[in-house]
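A.B. asks: Fold the following and give me the result.
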Amino acid sequence: MTTTAAGPCFDTAREAADAVLYEGYVLYPYRASSAKNRMRWQFGVLVPPAYGTDVGEHAWHRTECLAEPRAGAELVAQVRFLHAQRRTVQRVEPDRSHRTVESLELPDKVLVPWDEGVEECVEFRVPVAQLCEHGSRPMVLPFRRPAAEEMEEVRDEAGRSVGRLVRRRERIDGVLRLWAVELPGPYRVVRLRAVVENTGEWSPGTGRAGDRDAALPHALLSAHLLLGLTAGSFVSMTDPPEWAKALVAECRNERTWPVLAGADGRADVVLSSPIILEDHPRIAPESCGALYDSTEIDEILALRTATLTEQEKREARGTDERAAAVVDLADSLPPEIWERLHGAVRSLREVTEGPPVLVTPGEERDALEDLMTPQLPWWDPAADRSVDPGSDHVVVDGTPVRAGSRVRLRPGKRRSDAQDLFLNDAPALVEAVLHDVDGLVHLAVTLDDDPGADLRREQGRFLYFQPDEVVPVEAPS
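C.D. replies: Numbers count the residues shown, from 1 in each chain. Here you go, the predicted model:
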């Protein structure tokens, strides 16, 4: 029942899942000596039960979601995580023995001790009908990753052996518990529950309770879950249909959050992640590679990496193969990729379809005039001829307030920021009366004692208050 083969339905979801798997794996400046790379593995850490929960990390996480399986559907579940592989560095001594050292200098890199992450994936395939037959009893699916030790010889430019890397992985034991309950109602809906748990027997030993560094090799790191249906679909937990909102509210997710992640917007796959995502998460097509430090800041990370000194790059290359790949990527990006990283606009679209519209001769003339008039963006006040910020007015306490009116500010305590409260009773001049797209009215003002008021007018940078946050001041006679 257990396999490490990936199902084809997870191909698209795995791109986003990999970003979750390696988020924070190694951070800029990508050196083990950096302070930010000494406290690692921040997301989805499932520690051995003996580690304890009073330090904010737990042995399990729980996913609940709704599914609409069709007849004969199977649930495919993948438990994915990183397995910490502790790497030590040894140098060859004159007597050909090996001695553990803090660093080993090579011409192109500096090798140091480091915890590498080995990808692990355990897959289970279970008929949904069989799950439902279990009722309130979970189907228990255990898995194990054995301990292992590997050695890699390190040679210099002349081919002489100068040391070796010793990599050791500890045994990991875990279990996936699955429940499925068919819910009453007009729709065939099943509530699925999946609990991933670390069941390892690791013990901290005398005086080492809460020793995170000792527990990490026995933990599931960046653990998350992929669920897929061979026939049927899942219900969005973020934006459920009206009929499912009450059922979704009854689902309980602890330390993970499930989102739809099927290919081409389909709902046959769910990614349950320790990082909250939106439905159908995608890696930006402009991204040129994994930088492990949030996929939204690729440009600045690549720029900063390219400016590292040669010694810093040698340290990064010796820290981890993935860190070395980041350095090499930043050094080799062509100009067109740098331009692509600078940003992209995805909100613009062409509107070329729609039913034909009957236009009368008079309307045709007006339409032609409109076409010959320069078009303004919707947010520009001049785009709406029904409003004029310079002449519009609003009545406050029976007094018309318009551009040029003098007022005293009375900021609302519940909707103003802290700095607005310092302006209470300050005299001000109304510069414009503005209407927003929600129908609310705002007064743009400048302060009487502001030495930069003229500059604010020139740049159109005002303070904004609502009509009930000002008191009109009568003009002097």
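A.B. asks: Contacts only, for the closest residue to residue 312 other than its chain neighbours.
C.D. replies: Distances taken as Cβ to Cβ, 6 or more residues apart in numbering place residue 29 nearest to residue 312, at 6.0 Å, with adjacent residues excluded. Quick note: C-beta positions are derived from backbone N, CA and C, even for glycine. By Cβ atoms under 8 Å, 6 or more residues apart in numbering, residue 29 lies in contact with 304, 305, 308, 312, 316.
A.B. asks: Residue 29 and residue 74: what is the separation?
C.D. replies: Applying Cβ to Cβ, to the nearest Å, the value for residue 29 to residue 74 is 46 Å.
A.B. asks: residues in contact with residue 266?
C.D. replies: By Cβ under 8 Å, 6+ apart, residue 266 lies in contact with residue 233.
A.B. asks: start at 42 instead
C.D. replies: Sounds good: first residue 42 from here, last item residue 307.
A.B. asks: pLDDT at it, what is it?
C.D. replies: With respect to pLDDT, residue 307 has a value of 92.
A.B. asks: in the chain, which helix or strand is least confident?
C.D. replies: Lowest by mean pLDDT, DSSP states H and E among the helices and strands of the chain is helix 402-413, with a mean of 54.
A.B. asks: May I see the buried residues of whatever helix or strand comes next after that one?
C.D. replies: Counting by DSSP states H and E, the element after helix 402-413 in chain order, helix or strand, is strand 434-437. Buried residues in strand 434-437, counting neighbours by 16 or more other Cβ atoms under 10 Å, are found at 435, 437.
A.B. asks: Sheet partners, orientation included, of strand 434-437?
C.D. replies: The strands beside strand 434-437 in its sheet (DSSP bridges) come out as strand 440-443 (antiparallel).
A.B. asks: Output the partner strand as PDB, nothing but the C-alphas.
C.D. replies: The C-alpha coordinates for strand 440-443 follow below in PDB (Å, rounded to 0.1, in the frame of the first residue of the first chain):
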ATOM      1  CA  THR A 440     -23.100  74.500   6.700                       C
ATOM      2  CA  PRO A 441     -22.000  73.800   3.100                       C
ATOM      3  CA  VAL A 442     -18.300  72.700   3.100                       C
ATOM      4  CA  ARG A 443     -16.300  72.900  -0.200                       C
END
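A.B. asks: ok, residues contacting it?
C.D. replies: With Cβ under 8 Å, 6+ apart as the test, strand 440-443 has contacts from 432, 433, 434, 435, 436, 448, 471, 474, 484, 508, 511, 513.
A.B. asks: The last one: neighbour count?
C.D. replies: When neighbours are counted by other Cβ atoms under 10 Å, residue 513 registers 18.
A.B. asks: State the pLDDT value of the closest residue to it other than its chain neighbours.
C.D. replies: Residue nearest to residue 513 in three dimensions, not counting chain neighbours: residue 440, with 4.1 Å by Cβ to Cβ, 6+ apart. We have a pLDDT of 91 for residue 440.
A.B. asks: Equivalent analysis for residue 425, please.
C.D. replies: At residue 425, the model reports a pLDDT of 62.
A.B. asks: ok, back up a step: so can I have CSV of the contacts of strand 440-443 showing distance to residue 227?
C.D. replies: Written out in CSV, the entries for the contacts of strand 440-443 read as follows (distance: Cβ to Cβ, whole Å):
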residue, distance to residue 227
432, 57
433, 52
434, 55
435, 51
436, 53
448, 58
471, 57
474, 52
484, 52
508, 49
511, 54
513, 59
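A.B. asks: Sweet, I'm off.
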